[in-house]
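# Fold the following for me, if possible:
(2 chains)
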Amino acid sequence: DVKVTQSSRYLVKRTGEKVFLECVQDMDHENMFWYRQDPGLGLRLIYFSYDVKMKEKGDIPEGYSVSREKKERFSLILESASTNQTSMYLCASIVRGGETQYFGPGTRLLVL
Amino acid sequence: AQKVTQAQTEISVVEKEDVTLDCVYETRDTTYYLFWYKQPPSGELVFLIRRNSFDEQNEISGRYSWNFQKSTSSFNFTITASQVVDSAVYFCALSEPHDYKLSFGAGTTVTVRA
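As a prediction, this is how the structure comes out:
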């Protein structure tokens, strides 16, 4: 079974802090994604990566950056957290040529 | 641009009732995939089904069934004889094969009362 893990289930940070959200997948997938989920908006794509060191902006990249130094790990970085970044963050991965993304358990981030 | 619309925000039913979740999509592509995911209270998205745009055959899996109609750009999901464990948020999504990105609907919260 594909396993996607995220470093924290719950996180509380202060405005202005730098925040790192980590995602690890164990199936050698080339493609990895970060989404945020907000009520009434569904999931929206922040960033994605097709391979190591590669990254592409999604629909809402402002205020975020990412890092993909190793194939299994995709990090989402909030350079200076703001209250409007309070949300649920979900990571996903898919193998090249695959048809289905597999999701991690999500991180609920609260920015005070 | 792709767009997925789930017009129903919340549905509440009593156990054993059937419930149908609507999903309407927009895309300019002739090849695409449609998905349904379930998100229980624990938060993790669970994959339920994927449908290729060339395959309009309806599918049944236990108490779940899906009706894909290309003519109306709809991919509806029915839970038959609902159970309390079906309580969750259900998302419909669409992707283009060449870039894997998923476009999600807003989700429908299903509450099944005992």
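# From the contact counts, what lies against the helix or strand of chain B with the lowest mean pLDDT?
The weakest-scoring helix or strand in chain B, judged by mean pLDDT, DSSP states H and E, is strand B:59-61 (a mean of 85). If you count contacts as 3 or more CB pairs under 8 Å, 6 or more residues apart in numbering or on different chains; DSSP states H and E, strand B:59-61 packs onto strand B:46-52, strand B:64-69. Placement of C-beta: from N, CA and C, glycine included.
# Now do the buried residues in the first one.
Read that as strand B:46-52. By neighbour count on 16 or more other CB atoms under 10 Å in any protein chain shown, the buried set for strand B:46-52 is B:Ile49, B:Arg50, B:Arg51.
# What of the shortest one?
The neighbour-count criterion (16+ other CB under 10 Å) identifies B:Tyr64, B:Ser65, B:Trp66, B:Phe68 as the buried residues of strand B:64-69.
# who does that strand pair up with?
Within its sheet, strand B:64-69 is paired with strand B:59-61 (antiparallel), strand B:74-79 (antiparallel), according to DSSP bridges.
# picking that back up, could you save the helices and strands packed on strand B:59-61 as JSON lines and add columns showing mean pLDDT?
Conversion of these to JSON lines gives the following (pLDDT from 0 to 100):
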{"stretch": "strand B:46-52", "mean pLDDT": "91"}
{"stretch": "strand B:64-69", "mean pLDDT": "93"}
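# before we move on, the earlier item: between the buried residues of strand B:64-69, which is closest to B:Ser87?
Nearest to B:Ser87 among the buried residues of strand B:64-69, counting by CB to CB, is B:Tyr64 at 14.5 Å.
# out of everything not next to it in sequence, what's closest to the closest one?
In space, and not counting its chain neighbours, B:Tyr64 is closest to B:Ile79: 6.1 Å by CB to CB, 6 or more residues apart in numbering or on different chains.
# Quick check: the gap between the one you found and B:Lys38.
Separation of B:Ile79 from B:Lys38 (CB to CB, to the nearest Å) stands at 10 Å.
# what about those two, which has more around it?
Between B:Ile79 and B:Lys38, counted using other CB atoms under 10 Å in any protein chain shown, B:Ile79 has the larger neighbour count: 22 against 18.
# right, and that one touches B:Arg63 too?
Yes - if you go by CB atoms under 8 Å, B:Ile79 and B:Arg63 touch, sitting 5.9 Å apart.
# Contact residues of chain A facing chain B?
A:9, A:31, A:33, A:35, A:40-45, A:48, A:58, A:88, A:90, A:92, A:94, A:98-106, A:108 (CB under 8 Å from any CB of the partner chain).
# Buried subset of those as a ChimeraX selection?
The following ChimeraX line selects those of the residues of chain A next to chain B that are buried, judged by 16+ other CB under 10 Å:
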select /A:31,33,35,42,43,44,45,48,58,88,90,92,94,98,100,101,102,103,104,106
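# In strands, which of the residues of chain A next to chain B fall?
Among the residues of chain A next to chain B, the ones falling in strands (DSSP state E) are A:31, A:33, A:35, A:42-45, A:48, A:88, A:90, A:92, A:94, A:102-103, A:108.
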